[in-house]
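In: Fold the following, please.
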Amino acid sequence: MGLWHRGVEIKTPEQIKAMRRAGLVVGETLAELRDAVRPGMTTADLDAIAADAIRSRGATPSFLGYHGFPASICASVDEVIVHGIPGDRVLADGDIISIDCGAIVDGWHGDSAITVALGEVPEQVTELLRVTEEAMWRGIAAAHLGGRVTDISHAVEAFVRGQGSYGIVEEYVGHGIGSAMHQPPNVPNYGRPGRGPKLVRGLALAVEPMITLGSPDNEVLEDDWTVVTTDGSWAAHFEHTFALTSEGLWVLTALDGGEEALARLGAPYGGR
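Out: So this is what the prediction gives:
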């Protein structure tokens with residue numbers, strides 16, 4: 001185990017490499033799901049594909065059994081923001097679905113999410129997905145050694161606010177990750193820069209903006225998991241796990257380690 005810095009788990013380079021193995025399982029599983037999802041499938045069908053993909057790679061699903069969660073992925077359709085339980089909901093042409101996936105390899109976690117459009121969707125929905133994914137990357141790229149956690153938060157919010165009138169969900173945030181799926185510190189998707197724990201080598205974080213087309217107000221359904229927008233507006237969710245290394249940023253759940261996106265945004269790549 002790495003050292004702890006004010007309650008935050010700091011990983012050794014070897015432990016970050018172990019997290020990369022878990023991250024690749026997650027990234028490859030999400031790629032399979034992106035290719036497989038189509039109208040007429042149920043969200044339970046997707047969960048079965050994910051469970052097989054994770055276990056066939058020698059990993060364990062992070063979500064299954066987590067505080068009683070009954071599935072290997074979260075499958076959140078249209079107005080569902082996050083934590084949708086896979087079941088008998090049939091996907092239709094024109095839906096969007098956010099798929100959140102986690103895996104454990106040798107005790108280390110990876111966590112990532114994508115939102116996928118099925119068939120033709122309105123331009124404003126396509127733009128919602130673009131804005132949410134880019135906000136995630138802007139947040140990651142804002143991280144640098146010696147900075148602070150809310151530098152990430154501010155970058156996410158500033159990008160979203162500059163793109164139009166979107167809702168930024170505040171109740172659900174990014175987080176530290178490593179030997180547990182959720183660790184301190186929290187990584188909000190809004191706020192002033194320069195606050196929170198210092199960004200140091202060996203820190204791993206999950207950045208995950210959740211953005212809506214309408215109000216960000218939300219409620220949890222009777223299953224105690226599914227979070228929906230109160231006004232019925234659609235929501236998107238993207239997430240990656242990344243680590244700070246001595247060379248730069250390593251996006252552990254991106255298949256290319258984040259190299260392409262980080263280069264585009266002028267951020268140093270720290271993968272190996």
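In: excluding its backbone neighbours, what's nearest W225?
Out: H83 (4.6 Å; C-beta to C-beta, 6 or more residues apart in numbering). C-beta here means a position set from N, CA and C on the backbone, and glycine is covered the same way.
In: mind checking how far that neighbour is from G58?
Out: According to C-beta to C-beta, to the nearest Å, H83 and G58 sit 26 Å apart.
In: With neighbour numbers in mind, choose between the two.
Out: Applying other C-beta atoms under 10 Å to H83 and G58 shows that H83 carries more neighbours, namely 22 against 11.
In: In this structure that one contacts S76, no?
Out: Yes - contact status for H83 versus S76: in contact at 6.9 Å, counting by C-beta atoms under 8 Å.
In: Now do the shared contacts for those two.
Out: Here H83 and S76 have 100, 226-227 as joint contacts, going by C-beta atoms under 8 Å, 6 or more residues apart in numbering.
In: Can you select the buried ones from these in PyMOL?
Out: The following PyMOL line selects those of those that are buried, judged by 16 or more other C-beta atoms under 10 Å:
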select buried, resi 100+226+227
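In: closest to V156 among the shared contacts of H83 and S76?
Out: Nearest to V156 among the shared contacts of H83 and S76: D100, at 17.2 Å, using C-beta to C-beta.
In: and the closest one, what does it touch?
Out: 63, 73-74, 76, 82-83, 111-113, 237, 239.
In: Specify the beta-bridge partners of it.
Out: C74, A113 (DSSP bridges).
In: any idea of the pLDDT on it?
Out: D100 carries a pLDDT value of 98.
In: Check the gap between it and H240 for me.
Out: 12 Å.
In: shared neighbours, those two?
Out: With C-beta under 8 Å, 6+ apart, D100 and H240 have common neighbours S112.
In: next one: phi and psi at the residue nearest to A180 when sequence neighbours are not counted?
Out: The shortest distance from A180 to any non-neighbouring residue, by C-beta to C-beta, 6+ apart, is to H109 (6.8 Å). Main-chain dihedrals, H109, degrees, to the nearest 10: phi -110, psi 150.
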